[in-house]
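Novice: sequence plus the predicted model coming up.
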Amino acid sequence: MKYWIRRTVSIWATVLCIVLWQLMCVVLSIEPFILPSPILVYHSLVQYHEPIMIHAMQTLFTTLVGFAIAVAFGLLLGLAIGVERAVYDGLYPMMIAFNSIPKVAIVPLLVIWFGIGTVPAILTAFLISFFPIVVNVATGLATIEPELQDVLRSLGARKRQIVMRVGIPRSMPYFFASLKVAITLAFIGSVVSESIASNAGIGYLMIAASARFDVALVFAGFVVISVMGVIMYEVTAYAERKFTFWATRANDIVT
Amino acid sequence: MSAVAPAVASRFELGMTRALYEWWLLIALAVVWIAASALNLIPNSVFPDAQTLARATVDLVTGKVGVLGKLTDHVWISFARFAAGYSIAAGIGILIGLLMATSSLIAALILPILRLLYPIPGLAWTPLVIMWAGIGENAVIVLIFLSAVWPIVYGAYDGFRNIPRNYMLVCRQLGATWNVRVRRVLLPAALPMLFSGLRLGHGMGWRAIVGAEMIAAVTGVGYMLNMGGELRRPDVVVVGMIVIAIMSALLDRFVFGTLEDRLISRWKR
Amino acid sequence: MTADTPFIKLDRVSLTYQSRDSSTHALDETDMTISTGEFIAVVGPSGCGKSSLLKLVSGLHPATSGNVVVAGQKVTGPLKISGMAFQNATLLPWRTTLDNVLLPLQIVEPHASRFRKHRDQYEAMAMELLKLVGLDGFETKYPWELSGGMQQRSSLCRALIHEPQMLLLDEPFGALDAFTREELWGVLQKLWMTRKPTVILVTHDLREAVYLSDTVYVMSARPGRIISKTNVALPRPRTLRDTFKPEFIEMAQNLRLQISEGMGV
Ligand SMILES: Nc1ncnc2c1ncn2[C@@H]1O[C@H](COP(=O)(O)OP(=O)(O)O)[C@@H](O)[C@H]1O
Ligand SMILES: [Mg+2]
């Protein structure tokens, strides 16, 4: 219930902004090449819907592939770091350092290796998005209560059993929470990589449009990016509520 | 406890062991890379070997790679752009946050816009900014601003808003002047939140600058990196990546880290 | 095993926690003899090593010196014949009450390998226990749908499901309100009288110690050692009414004085 109220508030805010924008364009008679009105943007969306669709699909593809690799890799590394103290000690400082470096810096090298296009976009999406997954999964594993570990160990449970029965389920809420961040980052990575080095994808489309000074099409791309970003976020948020209902419910009760 | 020298030596050793332990992967890779370079096993068109990288570094620093210009110039330009974009973002961000915290009307007006704009990654503005500001200085600075400003606004808003009412009541009762109130109460109380916003904005702004320079500039480390890619010069790209890594570490740890430690710890007491 | 061989025997047991830059002497030359099926309580000031004692007996932590013997064998690692419960119930929030109680059976042998095939049988065992503690009807609820007292009841069931010979309880009712706590005394007494495990109960509540146990041990402040041993010869089953009898009150007061002396007051 609360959720839907929150959702509609942001929708109304968006609608209001669009109306104000249209009014501003008309009242101040702003030139379309400085700021196109929402109606012009809409016309551009309709006129170019076919190429937009193709480029959007390309971006969706690179984002999802990069995201999938990040999920697999992040989950494994997070588990390793959370379970084995030695792995944590040996990798964590380097990962923190790695995280503070802008990942786009690697795009030119990827381009030299793989040529411009799909592969650099996928790899950028992967590199930019795995970190939060690793951190969250490892954090989740670290939250096993010591008493519970005592209960299980006194029964003769091996480490693997504790991880399987308790550690992994316990870290799932953290994992799903990180997916929301990771999918957004993967999407950003894809779009940025496409803007720098590609001939396909929404990022490329927008850069090409800006080179032709087609302001309306740039805005159309902007709209598509926003919509795609919101949808991907909401899908992962839905997965989170669906699979780890007990975590949110447990918090509801406790607090 | 009588001999001092061994204790010092062992602490140094401890530090070295620790560094080795924390950075083993990097060190191992470096060792493998140097060994492979010595044996001429690395094709320079894929990844530079040690000799090539050293030569490229020297060439870039002395400006011998014609079109690419001097590395040091690029570094300063990038730092300067970052400083400009980030200062503007910090100034305007804190101001907006403060205004929002003091007036609920302003907050109500700005919050929806903020919610709409915050999730948009700074670099997504690039095509627009290029059209508005053209390629060059202004575009990059605007992009840094757009990347860094939102978390700063949020941080300032949260910080100033969450100052306990009692603090201000006590102040007024004691008849504290405006100056004292701001310096002794308002700022210290808001600082932790404000700072985390500033730090977050700093990270986002810094991540944006490299991408922004790749697309919307003809100078700066990002530009140099991108040109290295277009010229198919892995050595140039790797030098650029290392420089960016060092710049990130400098900014993040030394400038911001110490600032935060100093200010926060001083006020927290 | 004959009746007069002790089930748990601590022989001059000491424990020192060693960390990089400090060491804590937690237990000092502790002797204890607990017979099979006995219910003992350990009381003492905070930080005196009561929880450490349980870790030694369960085999979770090795003694620094001395011998811990349980069921005729020297303890060198986890025994798998103990059940444990703590102040916080530590139930898994993604499992229902029934599945939480079943958890030990999925880990301890020989049940773990038989679990899938004989699940019905095990579920019946769990249901029986839940009924004994008054939780029938709540087996499909999640922990966050239960009150603190009910969570602690489930935790007790989890500790007993694999029919351990030894039950180790570390302030199990410490976080509950007074009424719920006293209610659970009755529940625990009933569980013990039906199953007859050997119980070590660590508690801060002297009335709880007297109500539940056959013997109360008092420990001194750190480094902990046993400074007195009191037999509670009150008939069972004990009721709340008994707690108002003069001999009960006198025993609790005596324990209180001994603890003060042990703290050097
Ligand atoms: N794992 C540990 N490492 C180091 N010191 C510990 C550890 N566990 C307990 N201690 C210390 O040992 C002493 C006894 O602890 P504990 O047995 O938990 O006391 P109690 O349960 O009686 O309050 C305390 O001073 C505590 O700080
Ligand atoms: Mg304790």
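Specialist: It's in. Ligands and ions are numbered 1, 2, ... in the order given.
Novice: element containing the nearest residue to C:Pro237 once chain neighbours are set aside?
Specialist: Take C:Pro237 and drop its neighbours on the chain: the residue closest to it by Cβ to Cβ, 6 or more residues apart in numbering or on different chains is C:Gln189, 5.9 Å away. C-beta: built from backbone N, CA, C; applies to glycine. Using DSSP states H and E, C:Gln189 sits within helix C:178-195.
Novice: same check on B:Asn226?
Specialist: helix B:221-230.
Novice: buried ones in whatever helix or strand comes next after that helix?
Specialist: The C-terminal neighbour of helix B:221-230 among helices and strands, as given by DSSP H and E, is helix B:234-249. For helix B:234-249, a neighbour-count test (16 or more other Cβ atoms under 10 Å in any protein chain shown) marks B:234-241, B:243-245, B:247-248 as buried.
Novice: okay, these in JSON lines with distance to C:Glu261 and pLDDT next?
Specialist: Output for the buried residues of helix B:234-249, formatted as JSON lines (distance: Cβ to Cβ, whole Å; pLDDT from 0 to 100):
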{"residue": "B:Pro234", "distance to C:Glu261": "78", "pLDDT": "93"}
{"residue": "B:Asp235", "distance to C:Glu261": "79", "pLDDT": "93"}
{"residue": "B:Val236", "distance to C:Glu261": "79", "pLDDT": "93"}
{"residue": "B:Val237", "distance to C:Glu261": "76", "pLDDT": "93"}
{"residue": "B:Val238", "distance to C:Glu261": "73", "pLDDT": "93"}
{"residue": "B:Val239", "distance to C:Glu261": "75", "pLDDT": "94"}
{"residue": "B:Gly240", "distance to C:Glu261": "74", "pLDDT": "93"}
{"residue": "B:Met241", "distance to C:Glu261": "70", "pLDDT": "93"}
{"residue": "B:Val243", "distance to C:Glu261": "71", "pLDDT": "93"}
{"residue": "B:Ile244", "distance to C:Glu261": "68", "pLDDT": "92"}
{"residue": "B:Ala245", "distance to C:Glu261": "64", "pLDDT": "90"}
{"residue": "B:Met247", "distance to C:Glu261": "66", "pLDDT": "90"}
{"residue": "B:Ser248", "distance to C:Glu261": "62", "pLDDT": "87"}
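Novice: just the closest of the residues you listed to A:Glu240, please.
Specialist: When those are compared for distance to A:Glu240 (Cβ to Cβ), B:Ser248 wins out at 30.9 Å.
Novice: pretty sure the closest one contacts A:Lys103?
Specialist: No - when contacts are counted by Cβ atoms under 8 Å, B:Ser248 is not listed as touching A:Lys103 (11.1 Å).
Novice: so for stretch B:78-98, what's the average pLDDT?
Specialist: Averaging pLDDT along stretch B:78-98 gives 94.
Novice: what about it, near chain A?
Specialist: No - judged by Cβ under 8 Å from any Cβ of the partner chain, stretch B:78-98 and chain A are separated, with a smallest distance of 11.1 Å.
Novice: got a list of contacts for that stretch?
Specialist: B:110, B:137, B:140-145, B:147-150, B:152-160, B:194, B:197-198, B:201-202, B:205-206, B:209, B:213, B:220-222, B:247, B:251 (Cβ atoms under 8 Å, 6 or more residues apart in numbering or on different chains).
Novice: now the helix holding C:Gln189: average pLDDT?
Specialist: Mean pLDDT, helix C:178-195: 93.
Novice: same for that helix, what does it pack against?
Specialist: Here helix C:178-195 touches helix C:119-132, helix C:148-160, helix C:206-212, going by 3 or more Cβ pairs under 8 Å, 6 or more residues apart in numbering or on different chains; DSSP states H and E.
Novice: let's go with 10 Å and repeat that
Specialist: Helix C:178-195 sits against strand C:39-43, helix C:119-132, helix C:148-160, strand C:166-170, strand C:198-202, helix C:206-212, with contacts defined as 3 or more Cβ pairs under 10 Å, 6 or more residues apart in numbering or on different chains; DSSP states H and E.
Novice: gap between the following helix or strand past the first one and the chain center?
Specialist: Read it as strand C:39-43. Next in sequence after strand C:39-43, counting helices and strands by DSSP H and E, comes helix C:50-58. Centroid displacement of helix C:50-58 relative to its chain, using Cα atoms, centre = their mean, to the nearest Å, is 10 Å.
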